[in-house]
Structure formats: C-alpha cells, structure tokens
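Peer 1: predicted model and sequence below, questions to follow.
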Amino acid sequence: MKMHARADHTSETAASWPDDIFALLQRFDVRQVPYVPDAGHSQLIERVLGASSMRAVPLTTEEEGVALLAGAWAGGQRGVLLMQSSGVGNCVNMLSLTQIFRFPFLTLVTMRGEWGEFNPWQVPMGSSTAGVFELSGIKALRASSPDEVREVVEAAAGQAYNACTPTAVLLSQRLIGAKVFTK
Amino acid sequence: MMSKANLLDRRRVVASLLAERKEAIVVGGLGASTYDIAAAGDHDRNLYLWGAMGGAVMIGLGIALAQPKLPVVVITGDGDMLMGMGSLATVGLQKPKNLTIVVLDNEVYGETGGQASHTAATVDLVGVARACGITDARAIATMADIEAFASAMQDVSAGPRFVNIKIDSANLERVLSSRDGSFILTRIRGSLGFGPI
C-alpha cells in the first residue's frame, strides 16, 4: 500500500479571513455556535472556543445545529452553524424549520469536492450543496478569495439577522485550499 | 393497540408534570407528545412541534442555553428520541443545568399504525442517556414518582436530567394545538420579552 503523508494545511497558514468572520460574529451578537469540525473552520472554532460571549456546541450531526439555532432564537439568542459541505446533506429535513419558524438562520459552509479535490467521496455532496440550499429556500452566497470573505459574510449576516432571510455562505475550497493527502 | 396493565396513562403523566409548571418553557415532540401538552392546556411557553423529527431535544437545548434561569422541559416520544439519539451526546457534553428531557415511551410508532420501535425489544434509553454523560437519568413507573419529579424539574441548578416513562400505547383522541410555527415561536419570545425583528 502506498504511504501518504498527512499534512495539516491549516497549521501551515494563519489566514486572516477566519478572524474577519469572528469579528463579524461578535459584532452581530452571535451567542450560540454549533459545529461539526472541519479543517477549514479550525481557526474560527478556536476563536469561538476562547470567546466568553459565545457558546461553542460540538454536534454529532449537522441537523442538530439547525434545531439548536431555532431553540436559541426562541430563547432570544442568535447563532450560526459551522459545517462542511458534506454536512449540508445531513440537514435537509431540519432545514424546514427555517420556513416554519421564520427564524434568522445563518450557516458558514466550507466547501469540499470542487477545487483540486483528492478524495472522490467528497465530490457528489460538494457538487449538490448549492442546489440543496436553493431547493430548501436558503440563499447561498459564495466567497472564493480571502479579501472578499469579510464583505460576503457581513452581507449574509445582515440579511439573515435583519431580514430573517435564511442564508448560507459557501467558503470555496479554492479559498481554503485542497486538503493535502500526498506530498 | 391493546392496553397493557400497569402502564401509565400519557395524558395523566403530562398533566401531572405540567400542573405546577410556573415559568417553564415546554417543547413537545411531534405527534402524540404535542397533543398531550395541548391537552394539559395551551400556554404561551409551549413549543409545539408537528415535524422536525429527531429535533426536539436540540430545540430544547438551544432554549436552555439562551435562558439558563428558566426550567426547560422537552417532552417527546421514543420514536423522536431514537431519531435524535446523538443529541443526548450533545446535551451530555453541554450539561445545561436547567434542561429536563422526558420520554413518553410507548414502544411503538403510534401515528403511523403502531409499528414496534427499538425500545420494545432492545434499546434502553435511560442507559443511553447515562452513557452520554447525563448522570441524572432514570425510569419512572408510578404517578407518585411523576409528581415528585415534577417538582424536581423546577430546579435549574441540578440538570440535565432524563426520564423515561413507559406509557400505555393506546391511541387517544388528538388534541390539536396551533400548527403555525411562526406564531408559536413569536409567542414564546413575547413571553420572554423579545419582540419581532
């Protein structure tokens, strides 16, 4: 069997866009941050875990986060769901809550399977992620370069929290970088 | 469905749990649990679910984290709990002191023809909850214990707690609550002092 070096892309670069996102979440008074871990979100998750104003809630599956955010809003708090594109498929029925409750739903999705992907198992769900959101009545905005993340997330948070328009931000794999399996 | 002897009546159980609910927020799982809560009396702080199967506990967790000084009670069925079993792991990690999870376990999918659920044969939900880190997890089998538990639910410093109650599987007349999710959520928020956007 061929050996593959395991490289942690995110530890090699300290990008500034995750800190831009964190600052925006603070500005919008986001309090509950459910997540299923993804390498592309690791820097942001670290910031959230270290923030006294935010409650990080690790999930066993992403649909839990949709339900959690509905409850958070019922209790008077805003939240954001962090996940990877494969997790969007796990959410489908629970996304009904965004229409049923008309609560401010925001999710930040790190994309896989679309830019130099090594793992073919990531491609089917990565290819249908935007379509799933569209069919579920959720607006999907995309950020593909580091310098546009701030304004895209700001627009998404604005329409989610101010207009109760359920919104997803797709953070392109081009932005995050393809996961490195081989050197 | 045939009634079994010695099993509790779900309407009596829920009426007893909610008789002295005070400031509590109550989440009802889809199907019969929502009807039971409606039967106990409509309330501004009832969150009736008519769908989102598997999501009742997580909705309760979101409320509990946002309102740590208020008792939050999730009342749901074994089918919903089995679908959202991972949420017990998530609750066990967060340990919200004000959250109570009540499973009305009739061992069947009553809304869909009474097909047997996993709890009829193999699954012990109390064991699952305990293994997920919810140390106060127990089964209750008598109305006297239900009444004692109703008082314990008011304590927002000792949760999370989980209780499984084996109930009679008889299908009772539906008591229909509002099905308008936006109304239900807005009403709860209003009772907490939060307005619309």
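Peer 2: Nice, I can see it.
Peer 1: can you list the residues of chain B near chain A?
Peer 2: Contact residues (CB under 8 Å from any CB of the partner chain) of chain B with chain A: B:25, B:27, B:47, B:51-56, B:58-67, B:84, B:86-87, B:89-90, B:93-94, B:181-182, B:184-185, B:188-189, B:192-194, B:197. All C-beta spots, glycine's among them, are computed from the backbone N, C-alpha and C.
Peer 1: now, these that are in strands?
Peer 2: B:Ile25, B:Val27, B:Leu47 (DSSP state E).
Peer 1: closest one of those to chain A?
Peer 2: B:Leu47 (6.3 Å; CB to the nearest CB).
Peer 1: mind checking how far the nearest residue to that closest one once chain neighbours are set aside is from B:Gly84?
Peer 2: Distances taken as CB to CB, 6 or more residues apart in numbering or on different chains place B:Val27 nearest to B:Leu47, at 4.5 Å, with adjacent residues excluded. Going from B:Val27 to B:Gly84 by CB to CB, to the nearest Å gives 12 Å.
Peer 1: which one of those two has more residues nearby?
Peer 2: A direct count of neighbours by other CB atoms under 10 Å in any protein chain shown for B:Val27 and B:Gly84 places B:Val27 higher, at 32 against 27.
Peer 1: make a markdown table from the ones in strands among the residues of chain B next to chain A and add distance to B:Ala141 to it.
Peer 2: As requested, these are exported to a markdown table (distance: CB to CB, whole Å):
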| residue | distance to B:Ala141 |
| --- | --- |
| B:Ile25 | 27 |
| B:Val27 | 24 |
| B:Leu47 | 27 |
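Peer 1: make TSV out of those residues and add pLDDT and distance to A:Met54.
Peer 2: Below are those laid out as TSV (pLDDT from 0 to 100; distance: CB to CB, whole Å):
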residue	pLDDT	distance to A:Met54
B:Ile25	98	22
B:Val27	98	23
B:Leu47	98	24
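Peer 1: please enumerate the strands of chain B.
Peer 2: B:25-28, B:46-48, B:72-77, B:99-105, B:108-109, B:115-116, B:136-140, B:161-166.
Peer 1: now do the end-to-end distance for stretch A:101-111.
Peer 2: End-to-end span of stretch A:101-111 (CA to CA, to the nearest Å): 27 Å.
Peer 1: meant to ask about stretch A:24-31
Peer 2: This stretch, stretch A:24-31, spans 12 Å end to end (CA to CA).
Peer 1: report the buried residues of it.
Peer 2: A:Leu24, A:Leu25, A:Phe28, A:Val30, A:Arg31 (16 or more other CB atoms under 10 Å in any protein chain shown).
Peer 1: do that stretch and chain B meet?
Peer 2: Yes: applying CB under 8 Å from any CB, one finds stretch A:24-31 in contact with chain B at A:Arg31.
Peer 1: and B:Thr122, what pLDDT?
Peer 2: Per-residue confidence (pLDDT) for B:Thr122: 97.
Peer 1: that older thread, from the buried residues of stretch A:24-31, which land in helices?
Peer 2: Within the buried residues of stretch A:24-31, residues falling in helices by DSSP state H are A:Leu24, A:Leu25.
Peer 1: going by distance to chain B, which of the buried residues of stretch A:24-31 wins?
Peer 2: Using CB to the nearest CB, these come closest to chain B at A:Arg31, 7.2 Å.
Peer 1: so the closest one is in contact with B:Ala66, correct?
Peer 2: Yes: between A:Arg31 and B:Ala66 there is a contact under CB atoms under 8 Å: 7.2 Å.
Peer 1: got any residues that touch both of these two?
Peer 2: A:Ala72, A:Gln77 (CB atoms under 8 Å, 6 or more residues apart in numbering or on different chains).
Peer 1: what residues are up against whichever residue of chain B sits closest to chain A?
Peer 2: At 2.4 Å from chain A, B:Gly62 is the closest residue in chain B, using CB to the nearest CB. Listed by CB under 8 Å, 6+ apart, the contact set of B:Gly62 reads A:Gln32, A:Ala67, A:Leu68, A:Leu69, A:Ala70, A:Gly71, A:Ala72, A:Trp73, A:Ala74, A:Gly75, A:Gln77, A:Gly79.
Peer 1: so the last one touches A:Val33, yeah?
Peer 2: Going back to what we said before, that points to A:Gly79. Yes: in this structure, A:Gly79 is within contact of A:Val33 by CB under 8 Å, at 6.3 Å.
Peer 1: quick one: contacts for residue 151?
Peer 2: All of this is about chain A. If you count contacts by CB under 8 Å, 6+ apart, A:Glu151 has none.
Peer 1: chain B was what I was after
Peer 2: B:Ser151 makes contacts with B:Glu20, as judged by CB under 8 Å, 6+ apart.
Peer 1: show the pLDDT at it.
Peer 2: 96.
Peer 1: any idea how far it is from B:Glu20?
Peer 2: According to CB to CB, B:Ser151 and B:Glu20 sit 7 Å apart.
Peer 1: A:Leu175 should be in a helix, yeah?
Peer 2: Yes: counting by DSSP: H, G, I helix; E, B strand; the rest coil, A:Leu175 falls inside a helix.
Peer 1: that one touches A:Asp147, doesn't it?
Peer 2: No: contact criterion CB under 8 Å: A:Leu175 and A:Asp147 do not qualify, at 10.1 Å.
Peer 1: more crowded one of these two?
Peer 2: A:Leu175 (20 against 10).
Peer 1: center of chain B - which residue?
Peer 2: Nearest residue to the geometric centre of chain B (CA atoms, centre = their mean): B:Ile75, 1.0 Å.
Peer 1: that one pairs with what?
Peer 2: B:Gly28, B:Val102 (DSSP bridges).
Peer 1: residues contacting the residue in chain A that chain B sits nearest to?
Peer 2: Using CB to the nearest CB, the closest approach of chain A to chain B is made by A:Gly71 at 2.4 Å. A:Gly71 is in contact with B:Val27, B:Met58, B:Ile59, B:Gly60, B:Leu61, B:Gly62, B:Ile63, B:Ala64, B:Ala66, counting by CB under 8 Å, 6+ apart.
Peer 1: sweet, I'm off.
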